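**Q** sequence? don't have it. structure:
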């Protein structure tokens, strides 16, 4: 009898796991870099290749976004309009990291779709993206004024993501700093 | 108007399903024959209304009724009519409707072909099927109504996901569901047997053709899905161990074990409670698969719209049905102990080994599939388990299984003298070694240990499977089930052959295709001749013309495309395949590189076709088995089957 009861018992344990799992988001990958100083980098800029963009340029005392993008990435195309809107509203400065991309295509993309970025660093071989723990583009990092990563979003930013995930965190950072 | 009709039909189907589940089960408990007799008309009516609902949704698709939210989300005015039919199951809500229709068809078939079974038993089987139908009908109506209106109606629809616009995808879900849902019949038979408190050879004989039928459809469904992934996704892989693929593979493995243990239960009256547990498990794993796919609980390439309320509903339904079934099992199964014994060298031993190894494989794959979920639920971090784990975990039980298959086929019930097995199998064993070892070396030069082992086992399984079909070696009179068994096992050997060679010798390059300059791969020269614009019914495409030559001789022209569907702007790569029984050549287009050049992915896949050919043999084998005369004879003869008990076990050596 007890031998036979083991099967339903095991199944009930399995059900409990499913119940817990149902209320978690499997796509949510936590970054070990959250609340850590952002990895150093210094890369040539997209618009002016002779100049470089470094982490120190991002730590301006104000919160900033770093958006990882590429012209071959469909999600980046999706969120681009949203980024342009955010830049136009002046809510927060956005820096770009152009990841494993073709320079000419990237320039054409910004020309055609608008340039929301204060400056774009060119990560041609993707080494900086590895340091930053980028899984895939688009990814957007929220840095505080001291250059510490406070939040990371994987996937395109839409209105909903912006209002739910970014706005409250940016407001919180601004409050903490003032 | 028509969508509302479908809606009403769905509600009526639910009401009839309620009647079908409550009345016969209550009637069988109290011995009320009037209540029991309600089962058949209720199930017939349920099929009629399910068909009306399905027809109504199909009509909405064909006539472009974008005021129906599901149609607007999965179709478009430019969608070709062929795909409009398939779009009905191209999304969550519609595919549930297909599930309901398939279940209703199976249930009616059970009702029609059950004249020779005892009345109470049939009532119980239909009652259990009714419970399953209630679950899925209410799931559809309350959380995923395909007839919900969208007011105001959009001008046009968002189109069917472009990667689903493919002929294979039209048939993959129906075949898969026929298989999945077919295991509900075996499940219902098992529950009915547990309610009766007895299980005998007649029960096993009734259950076997239904199980085999479900299994053969599931085999074809999985195979078609694999073929689709192979050429449509353009990755050249044929199995990815994705959670959704595993969700269909797990019931298949358990269903395969069930087919074999049913043979023992019928012929020898053994493994009774084990067979019941497998029958319950096969369907439970189908439900589990549904839950995993529809709840979004695991990350998968087959993302259905994830919605926690849907996940919660299926979880609750699965929890109630499976827990109740397993509790009933724990209560009743201990009294169904088997009495007969068997010798170590006998068919029973080999079928037991088959069952153990298949169940081990199932558990290892289940563990790998659910492992990320366990880790996350216990806050031990997010991880994912990839193909390396699955390949290894699956191979460990499969190698011994492949060796044992060849021997087990040629053993007899109860006891077999070792000398007779040796005399029958020494030549096949030698042949497997003589063909299996040189073949990879001869055709491909080098071979690893696993490749040689796979090659030997493939020939071993194929040869041992077919020798019984030869005159003078096999039995004097071949029954259809025996032929079916031989064909299915032969198919397995063919499949192993394909898997072994394609995973050992496939080649792939990503190279810039410059017009006029050939790219070499595996002795073939691929030359991009040029590209041109092509217009499809609902997409624009750039098509490359690629000429393939071998040693300067023309082989074929391949025309891969890069498509942009006009509504869902994502670019889709349409791989071109140069087919063949020795190898397939795949070319897919990447990005334009300027000056007419394109990045190309070129793949060489030796013997890959044998993977799907093998599954076709398996399915044909299943078809032979269910068409065996004895199932029909048994139907005609048996007026009082319950009394015959295990006496039929003497029926002999075909299984």
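**A** It's in. All of these numbers come straight from a predicted model, not from anything done at the bench.
**Q** The residue of chain A found nearest chain B: what secondary structure?
**A** Nearest residue of chain A to chain B: residue A:8, at 3.6 Å (Cβ to the nearest Cβ). Placement of C-beta: from N, CA and C, glycine included. Under DSSP: H, G, I helix; E, B strand; the rest coil, the three-state class of residue A:8 is helix.
**Q** any idea how far it lies from residue A:2?
**A** Going from residue A:8 to residue A:2 by Cβ to Cβ, to the nearest Å gives 12 Å.
**Q** Those two: which is more packed in?
**A** Per other Cβ atoms under 10 Å in any protein chain shown, whichever of residue A:8 and residue A:2 has more neighbours is residue A:8, with 19 against 8.
**Q** which stretch of helix or strand covers the residue lying closest to that one once chain neighbours are set aside?
**A** The shortest distance from residue A:8 to any non-neighbouring residue, by Cβ to Cβ, 6 or more residues apart in numbering or on different chains, is to residue B:326 (3.6 Å). Using DSSP states H and E, the element containing residue B:326 is helix B:308-332.
**Q** Buried residues, the helix or strand just after that helix. List them.
**A** Using DSSP H and E, the helix or strand that directly follows helix B:308-332 along the chain is helix B:347-377. By 16 or more other Cβ atoms under 10 Å in any protein chain shown, the buried positions in helix B:347-377 come out as B:347-355, B:357-362, B:364-366, B:368-370, B:372-373, B:376-377.
**Q** same question, stretch B:391-407
**A** Neighbour-count burial for stretch B:391-407, counted by 16+ other Cβ under 10 Å, picks out B:393, B:394, B:397, B:398, B:401, B:402, B:403, B:404, B:405, B:406, B:407.
**Q** I figured the first one was touching residue B:364, is that so?
**A** Yes: taking contacts as Cβ atoms under 8 Å, residue B:393 lies within contact range of residue B:364: 4.0 Å.
**Q** which SS class is the closest residue to residue A:62 other than its chain neighbours?
**A** Excluding its sequence neighbours, the residue lying closest to residue A:62 (Cβ to Cβ, 6+ apart) is residue A:145, at 5.3 Å. Secondary structure assignment for residue A:145 (three-state DSSP): coil.
**Q** What residues does residue A:145 make contact with?
**A** A:59, A:60, A:61, A:62, A:63, A:173, A:177 (Cβ atoms under 8 Å, 6 or more residues apart in numbering or on different chains).
**Q** 10 Å - rerun?
**A** By Cβ atoms under 10 Å, 6 or more residues apart in numbering or on different chains, the contact set of residue A:145 is A:58, A:59, A:60, A:61, A:62, A:63, A:64, A:173, A:174, A:176, A:177.
**Q** What distance do you get for it to residue A:60?
**A** Distance, residue A:145 to residue A:60, using Cβ to Cβ: 7 Å.
**Q** now the strands for the chain?
**A** Picked chain A for this. Secondary structure of chain A by DSSP state E: the strands cover A:42-44, A:52-54, A:64-69, A:94-99, A:120-123, A:139-143, A:149-154.
**Q** think we crossed wires, I meant chain B
**A** Applying DSSP E to chain B gives strands spanning B:507-513, B:519-521, B:524-535, B:539-550, B:553-558, B:561-565, B:571-574, B:576-578, B:583-594, B:597-606.
**Q** Any idea how many residues pack against the closest residue to chain A within chain B?
**A** Closest approach between chain B and chain A, counting by Cβ to the nearest Cβ: residue B:326, at 3.6 Å. By other Cβ under 10 Å, 24 other residues sit near residue B:326.
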